[in-house]
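# Show me how the following folds:
(one chain, ligands or ions: 1)
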Amino acid sequence: MTRVIHTGDTHIGYQQYHVPERRDDFLNAFRQVVDDAIGSGADAVVHAGDLFHDRRPTLTDVLGTLDVLERLDDADIPFLAVVGNHEAKRDAQWLDLYESLGLATRLDDEPRVIGDTAFYGLDYVPRSQRDALDYEFASHGADHAALVSHGQFQPFDYGTWDATAIVDEATVDFDALLLGDEHAPGTKQVDEAWLTYCGSTERASADERDDRGYNIVTFDDDVTITRRGLDTREFVFVEVELAGDEGLEHVRERVGEYDLSDAVVIVHVDGEGEPITPAGIEEFALDQGALVARVTDHREFADEREVAVSFADPDEAVHERVRELGLSEAARDIDETIRASKVPDSNVADTVEERVADLVEAGDLAAFDGADAESAHPETEADGGHAPTDDRSSATDETADAAGETGSADPDDQSTMGEYL
Ligand SMILES: [Mn+2]
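I've put the predicted structure just below:
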């Protein structure tokens, strides 16, 4: 029997909401997983990628992680891991550093046997390079086998990487695929193999409402997957439906019903009622002891400017506009890097440059084709001059110096700020 803790998407180094406390939270969650592994005598900790939030963690993050891995090593528990998309560098990986210190094993196509189970690894592979994969793994003499990988796999929702093909084509019969990338936990069966996502260990976005945790996977006669929760930063979600005559005061009352101490407070306002200023609610929550407060107003005000969307929810409005633009995959990737995510502001320029360089290096010209739309704006991928220019003859009427601001290059298309949003 082999019993391992399956974790992943720890995103160490993520300074969410730009507060240092959140940065500490991500490392603390990883420390909890490791402490649980030590306390419960797990045979190994398996990490399915995105140990770090991005490819340039600070020295503090690198050292903090080192400290946690040393505790695990002191308890003689192996740390087996693969490289995720967030942290992947083009040359050596951070995981290689820990491996060279004897604190980690970077899994690959050779078996690493723990107890009676052989573990293999498959790092995150960009979509354009997956067809070339042959899923050849060296044979093993263990009773069970597991593959650790990182990506969005079918048959899970939003999957783009066919796990059935891996299970069918792999030269090793896997009892389980231990997966990372999807931050919501989930388990499915494909043929004889169990596929399971462990989920993230801290909320990397406010969409991750469920409690965070990790998997405990036991390889015996059968594969058994159970979950254990983590004690993470409190997130308080407040949904307020305003009636016609209600406004700021009512939202404050509703928010005030919760214990906000040190919490991240996420307020969604919907319904009718008076216009409100999100800052008025955010200040109130901070006064009540919240660490961070964010307010989204989903109401639409049909005012005299006839804007189609509310200024209080610019994210959704920009989303809509970006969809209409018919951007290429490369451009959408850049847009998501700059605006949506996960990548700290200070890393955006480097990340954009590296992602475009990766696509060019991979020869993935299809990624630069605009999607179907009434007015395609394929100019953004040319930022930095790394795009293959000979593939862009259809874009010659577009300005190529948009400085990364999606859709901002064509002033005729957005006469007012309201229309843009
Ligand atoms: Mn992740």
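
# Find the nearest non-adjacent residue to His11, please.
Leaving aside its chain neighbours, His11 sits nearest to His53 (4.1 Å; criterion: Cβ to Cβ, 6 or more residues apart in numbering). Where you see a C-beta, it was placed from the backbone N, CA and C, and this is true even at glycine.

# Going by residue numbers, what spans are helices in the stretch 151-300 of the chain?
Using DSSP state H, counting those that start in this stretch, the helices of the stretch 151-300 of the chain run over 163-169, 248-256, 278-287.

# Name the residues of the longest one that are buried.
Of the residues in helix 278-287, Pro278, Ile281, Glu282, Phe284, Ala285 count as buried by neighbour count, 16 or more other Cβ atoms under 10 Å.

# how many other residues sit next to Glu239?
12 (other Cβ atoms under 10 Å).

# and the residue nearest to it when sequence neighbours are not counted, bridged to which residues?
Closest residue to Glu239 apart from its sequence neighbours, by Cβ to Cβ, 6+ apart: His268 at 5.1 Å. Here His268 sits in beta bridges with Glu239, Thr296, going by DSSP bridges.

# any idea how far the ion is from His268?
His268 sits 24 Å away from the ion, going by Cβ to the ion, to the nearest Å.

# Find me the pLDDT at that residue, would you?
Per-residue confidence at His268 stands at 95 (pLDDT).

# what sits against it?
Contact partners of His268, counting by Cβ atoms under 8 Å, 6 or more residues apart in numbering, are Phe237, Val238, Glu239, Val240, Thr296, His298.

# before we move on, what about Arg209?
The neighbours of Arg209, taking Cβ under 8 Å, 6+ apart as the test, are Arg203, Phe235, Phe237.

# Beyond the helix or strand hosting Gly64, next helix or strand please.
Element membership for Gly64 (DSSP states H and E) is helix 59-74. Once helix 59-74 ends, the next helix or strand along the chain (criterion: DSSP H and E) is strand 79-81.

# hang on, the earlier thing: inside strands: which ones of the contacts of Arg209?
For the contacts of Arg209, the ones inside strands are Phe235, Phe237, with DSSP state E as the criterion.

# Report the buried members of the contacts of Arg209.
Applying 16+ other Cβ under 10 Å to these flags Arg203, Phe235 as buried.

# any idea which of the contacts of Arg209 is the one closest to Arg355?
Arg203 (24.5 Å; Cβ to Cβ).

# coming back round to it: looking at the contacts of Arg209, which is nearest the ion?
Nearest to the ion among these is Arg203, at 11.7 Å by Cβ to the ion.

# where does the stretch 201-350 of the chain have low pLDDT?
Low-confidence segments of the stretch 201-350 of the chain (pLDDT under 70): 302-316, 340-342, 344-346.

# Quick check, the residue in it closest to the ion?
Closest point on the stretch 201-350 of the chain to the ion, by Cβ to the ion, is Ala204, at 6.5 Å.

# Tally up the residues packed near that residue, please.
The number of residues near Ala204, taken as other Cβ under 10 Å, comes to 22.

# State the phi and psi torsions of it.
phi -80, psi -10 (degrees, to the nearest 10).

# Phi, psi for the closest residue to it other than its chain neighbours please.
Closest residue in space to Ala204, ignoring its immediate chain neighbours: His11 at 5.2 Å, by Cβ to Cβ, 6+ apart. Main-chain dihedrals, His11, degrees, to the nearest 10: phi 50, psi 40.

# For His11, give me its contacts.
Counting by Cβ under 8 Å, 6+ apart, His11 makes contact with Phe26, Asp50, Phe52, His53, His86, Ser200, Thr201, Glu202, Ala204, Lys342.

# Please tell me how far the second one sits from the ion.
I take that to be Asp50. Distance from Asp50 to the ion, by Cβ to the ion: 4 Å.

# For the closest residue to that residue other than its chain neighbours, list the residues it contacts.
In space, and not counting its chain neighbours, Asp50 is closest to Gly84: 3.5 Å by Cβ to Cβ, 6+ apart. By Cβ under 8 Å, 6+ apart, the contact set of Gly84 is Gly8, Asp9, Ala48, Gly49, Asp50, Leu51, Asp123, Tyr124, His150, Gly180, Asp181.

# Fine by me, we can end here.
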